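> please find the sequence and the predicted model below.
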Amino acid sequence: MTLTQELQVILFKPQASIDLQGGMALSEQMAGVVPQPHQLWVIDLAEVNFMDSSGLVPLVKGLKAARQRGCRLVLCNVQTPVRLILELTQLDSVFEIFDTYEDIFTTDKDETLVLAG
């Protein structure tokens with residue numbers, strides 16, 4: 001008998017702004033999906049051109065919920081204004097961030113690690 005575990009991808013695509021209102025909408029959307037072990041949650045931010053501090057809450061809550069359930073959450077297509085907020089809050093080092101959706105499946109994050117020697 002052969003057992004294969006297929007990676008299940010859950011894609012979230014917020015649009016426009018992730019501010020208080022947009023953040024609540026994203027939170028509700030994410031709360032409607034129960035994280036399962038070995039799932040991959042992708043938040044595609046291609047259409048998000050603004051995010052404020054209240055928009056960080058659903059991202060952090062989602063990451064926490066995903067990790068507690070053995071799920072992986074990544075961000076992709078992060079636009080410059082949003083990336084700036086992530087960098088200012090140092091959350092860019094907490095989240096896995098990929099340039100494109102395709103990069104999630106083709107880039108090995110370990111290749112980017114440099115060992116100090």
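The structure has been received and is ready for your questions.

> where along the chain do the strands fall?
Assigned by DSSP state E, the chain shows strands spanning 8-12, 16-18, 39-44, 48-51, 72-76, 96-98.

> what are the buried residues along stretch 53-60?
Neighbour counts over stretch 53-60 (16 or more other CB atoms under 10 Å) mark 55-56, 58-59 as buried. C-beta: built from backbone N, CA, C; applies to glycine.

> swap in stretch 14-32?
14, 17-18, 22-23, 26, 30.

> dump that stretch to PDB, restricted to CA.
Only the C-alpha atoms of stretch 14-32 are listed here, as PDB (Å, rounded to 0.1, in the frame of the first residue of the first chain):
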ATOM      1  CA  PRO A  14      -7.700  40.300  -0.200                       C
ATOM      2  CA  GLN A  15      -8.200  43.300  -2.300                       C
ATOM      3  CA  ALA A  16      -7.600  47.100  -2.100                       C
ATOM      4  CA  SER A  17      -6.800  48.000   1.500                       C
ATOM      5  CA  ILE A  18      -6.200  45.900   4.600                       C
ATOM      6  CA  ASP A  19      -7.200  48.500   7.100                       C
ATOM      7  CA  LEU A  20      -9.700  48.100  10.000                       C
ATOM      8  CA  GLN A  21     -12.600  47.200   7.600                       C
ATOM      9  CA  GLY A  22     -10.500  45.100   5.200                       C
ATOM     10  CA  GLY A  23      -8.700  43.400   8.100                       C
ATOM     11  CA  MET A  24     -12.000  42.400   9.700                       C
ATOM     12  CA  ALA A  25     -13.100  40.900   6.300                       C
ATOM     13  CA  LEU A  26      -9.900  39.000   6.000                       C
ATOM     14  CA  SER A  27     -10.200  37.800   9.600                       C
ATOM     15  CA  GLU A  28     -13.700  36.500   8.900                       C
ATOM     16  CA  GLN A  29     -12.600  34.800   5.800                       C
ATOM     17  CA  MET A  30      -9.700  33.100   7.500                       C
ATOM     18  CA  ALA A  31     -11.900  32.100  10.500                       C
ATOM     19  CA  GLY A  32     -14.200  30.300   8.100                       C
END
